[in-house]
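Asker: Could you work out the structure for the sequence below:
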Amino acid sequence: MSPQSALVPLLSPREAEEVFRAGGDSICVSCKGAHLLCGKERCPILVKTYIQRQTAPLLDRLDLSGASPPGIFVGRYGYPKVSVGPLVPPVSGDTAHMDIPEGWLGRSIEEIVGFRFSLVRGKHRVDAYNVEGAGRLVDQTRELAMAAEPADIEARFSRKPAGRILLSDEIQPFGPSAPLEKFDVDNVKVERRIERAYGDRDLKARGAVLGLYRDGLRVSQIQRAFSAGLFGLGRNRHFVPTRWSITAVDSAIGIEMVKRIRDHPILNEFLLFEAGNLDNRFLVLMMPFEWSYELIEAWYPNTIWNPIGQRTVILASHEFYEGRTTYAEIGGCYYAARLAVGEYLTRVRRQAKVVILREAHPGYIMPVGVWNVRETVREALRLPPRRFDTLRETLAHIQTKLDIPMDTWIAKSAVLTDHLRQRRLTEYAAIQE
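Answerer: As a prediction, the model looks like this:
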């Protein structure tokens, strides 16, 4: 039985009114999840409510013990005064999958939100710049951020965990939270490579991030340790909100790879890679020219960031050979996808002009974080590409894979528009000669 069909009988008329109150006079109130009037395959409100009902009995307590994946969370509201603490599920054993987004490709939204909602965010308010000598709760949170595998935690809260599911296209979902009175962590097996970076107080944070990535650590491990303020010159170390740390690490690794990629020979053919996940389609176009990069996202009506629109909304961010100096308009997804592209071009020791086209369809009913972009693009680049001799042939094939007309993509693309304009100038000059 699906979460949606299971939930409908559980809602009394009064409960349904409360669940859909946020919809006001919108279509949600008329539908109440029964008719899918919004066009989505599943009602996101019912999915969240069902998952919350399933986990609520496990979290209805002041004391909670379980195995942290390991995971921590650093909030951003009120920065530099932030809430930090462990992620604690009400279960023991191997919970590592709950905080390793690199392993979530192919899981359903219900699965991801389900196990993420069972992770309680313990909160302790601190000054982000006071990571040394801030007390036992902070010390244990940072120790947990160094763990290589699940660690046993016993936590006591000042009130029962509560709050909405934290959903964002920047970070993976997070469950309810509660202020910490105390927590004890046991059986911590420290990741020695992170411990070495932590112990080097003369190593800048950027150097630590790049070194750990070269040593083979998962990006999500590095992001967690970076967020806990484990890296950097001793006097400069500080907590970094989880949302910011994800993009900071993606960006730092991507920038370093692009520097090296620009010294590689140019690709000698047109390549097209394809993959999909959670009703998102990704096509990665690589062209045999010097480095440029662009991510273009098309959000269909009834998707997360285009819930009431009547037309598809298209957003894009790009960089040419010299790179960019401002934050990408499209957000963290830009840097996550660039990292994946950089990994591929580093492996093959080539540079290329790269355009990623993403169609987000209505089946993507709620955001799950930029990991979805990074890991889906990685998956696309692990698969054998289609090869073409000309851009015309490549674009014609792309049109068979995406619903939006190719002319629309080109009109929104700075990289493709610039390329086509430059080609016309080159061809005109050749004719004049």
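
Asker: okay, now Ala411: neighbour count?
Answerer: 11 (other Cβ atoms under 10 Å). To be clear about C-beta, it is placed using only N, CA and C from the backbone, and glycine gets the same treatment.

Asker: And the next helix or strand past whichever strand or helix holds Arg347?
Answerer: Assigned by DSSP states H and E, Arg347 belongs to helix 332-348. The helix or strand immediately downstream of helix 332-348 is strand 353-360, counting by DSSP H and E.

Asker: ok now that next one, how far from the chain's centre?
Answerer: 16 Å (Cα atoms, centre = their mean, to the nearest Å).

Asker: ok, which stretches of the stretch 51-200 of the chain are helices?
Answerer: 109-117, 136-145, 192-199 (DSSP state H, counting those that start in this stretch).

Asker: Okay, buried residues for the shortest one please.
Answerer: Residues Arg193, Ile194, Ala197, Tyr198 are the ones in helix 192-199 that count as buried (16 or more other Cβ atoms under 10 Å).

Asker: go on, the second one?
Answerer: Across helix 136-145, burial judged by 16+ other Cβ under 10 Å covers Leu137, Val138, Gln140, Thr141, Arg142, Glu143, Leu144, Ala145.

Asker: thinking again about what came up before, please identify which of the helices of the stretch 51-200 of the chain is closest to Phe73.
Answerer: helix 136-145 (9.3 Å; Cβ to Cβ).

Asker: on that earlier part again, make JSON lines out of the helices of the stretch 51-200 of the chain and add mean pLDDT.
Answerer: Putting the helices of the stretch 51-200 of the chain into JSON lines (pLDDT from 0 to 100) gives the following:
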{"stretch": "helix 109-117", "mean pLDDT": "85"}
{"stretch": "helix 136-145", "mean pLDDT": "94"}
{"stretch": "helix 192-199", "mean pLDDT": "97"}
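
Asker: Turn those helices into JSON lines, including distance to Thr247.
Answerer: Formatted as JSON lines, these follow (distance: least, Cβ to Cβ, whole Å):
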{"stretch": "helix 109-117", "distance to Thr247": "19"}
{"stretch": "helix 136-145", "distance to Thr247": "18"}
{"stretch": "helix 192-199", "distance to Thr247": "20"}
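
Asker: which one of the ones you listed lies closest to Ser220?
Answerer: helix 136-145 (11.6 Å).

Asker: Name the residues that touch the closest one?
Answerer: Under the criterion Cβ atoms under 8 Å, 6 or more residues apart in numbering, residues 68, 70-72, 84-86, 124, 126, 130-131, 151, 153, 180, 182-185, 188, 190, 194, 224-225, 227-230 lie in contact with helix 136-145.

Asker: Of those residues, which belong to strands?
Answerer: Within those, residues falling in strands by DSSP state E are 68, 72, 84-86, 124, 126, 151, 153, 180, 182-185.

Asker: In ChimeraX, how would I select the buried members of the residues you listed?
Answerer: In ChimeraX, a selection of the buried entries from the ones in strands among the contacts of helix 136-145 looks like this (16+ other Cβ under 10 Å):
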select :68,72,84,85,86,124,126,151,153,180,183,185
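
Asker: As JSON lines, the ones in strands among the contacts of helix 136-145 with pLDDT and distance to Ser220 would be great.
Answerer: What follows is those, written out as JSON lines (pLDDT from 0 to 100; distance: Cβ to Cβ, whole Å):
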{"residue": "Ser68", "pLDDT": "96", "distance to Ser220": "14"}
{"residue": "Ile72", "pLDDT": "96", "distance to Ser220": "12"}
{"residue": "Val84", "pLDDT": "96", "distance to Ser220": "18"}
{"residue": "Gly85", "pLDDT": "95", "distance to Ser220": "18"}
{"residue": "Pro86", "pLDDT": "96", "distance to Ser220": "16"}
{"residue": "His124", "pLDDT": "94", "distance to Ser220": "22"}
{"residue": "Val126", "pLDDT": "94", "distance to Ser220": "23"}
{"residue": "Ala151", "pLDDT": "96", "distance to Ser220": "16"}
{"residue": "Ile153", "pLDDT": "95", "distance to Ser220": "19"}
{"residue": "Leu180", "pLDDT": "94", "distance to Ser220": "23"}
{"residue": "Lys182", "pLDDT": "92", "distance to Ser220": "27"}
{"residue": "Phe183", "pLDDT": "91", "distance to Ser220": "22"}
{"residue": "Asp184", "pLDDT": "93", "distance to Ser220": "25"}
{"residue": "Val185", "pLDDT": "93", "distance to Ser220": "19"}
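
Asker: Tell me the one of the ones in strands among the contacts of helix 136-145 nearest Trp291?
Answerer: Distance to Trp291, by Cβ to Cβ, is smallest for Ile72 among the ones in strands among the contacts of helix 136-145, at 35.6 Å.

Asker: Let me see the contact set for that closest one.
Answerer: Ile72 neighbours (Cβ under 8 Å, 6+ apart): Val84, Gly85, Pro86, Leu87, Thr141, Leu144, Ala145, Arg224, Ser227, Ala228, Thr242.

Asker: Same check on Val209?
Answerer: Taking Cβ under 8 Å, 6+ apart as the contact definition, Val209 lies against Ile222, Phe226, Phe231, Val249, Ala252, Ile253.

Asker: how does it look with 10 Å?
Answerer: With Cβ atoms under 10 Å, 6 or more residues apart in numbering as the criterion, the residues that contact Val209 are 197, 217, 219, 222-223, 225-226, 231-232, 245, 248-249, 251-253, 256.

Asker: Can you tell me the element it falls in?
Answerer: Assessed by DSSP H and E, Val209 sits inside helix 205-214.

Asker: Determine the angle, from 0 to 180 degrees, between that helix and helix 192-199.
Answerer: With axes from the mean of the first three to the mean of the last three Cα atoms, to 10 degrees defining the directions, helix 205-214 sits at 170 degrees from helix 192-199.

Asker: Enumerate the positions of stretch 117-136 that are buried.
Answerer: 117-124, 126, 128-129, 131, 134.

Asker: actually stretch 211-224, not the one I typed
Answerer: Gly211, Leu212, Tyr213, Leu217, Val219, Ser220, Gln221, Ile222, Gln223, Arg224.

Asker: Flag the shaky bits of the stretch 51-200 of the chain, pLDDT-wise.
Answerer: Applying pLDDT under 70 to the stretch 51-200 of the chain flags the ranges 51-59, 164-168.
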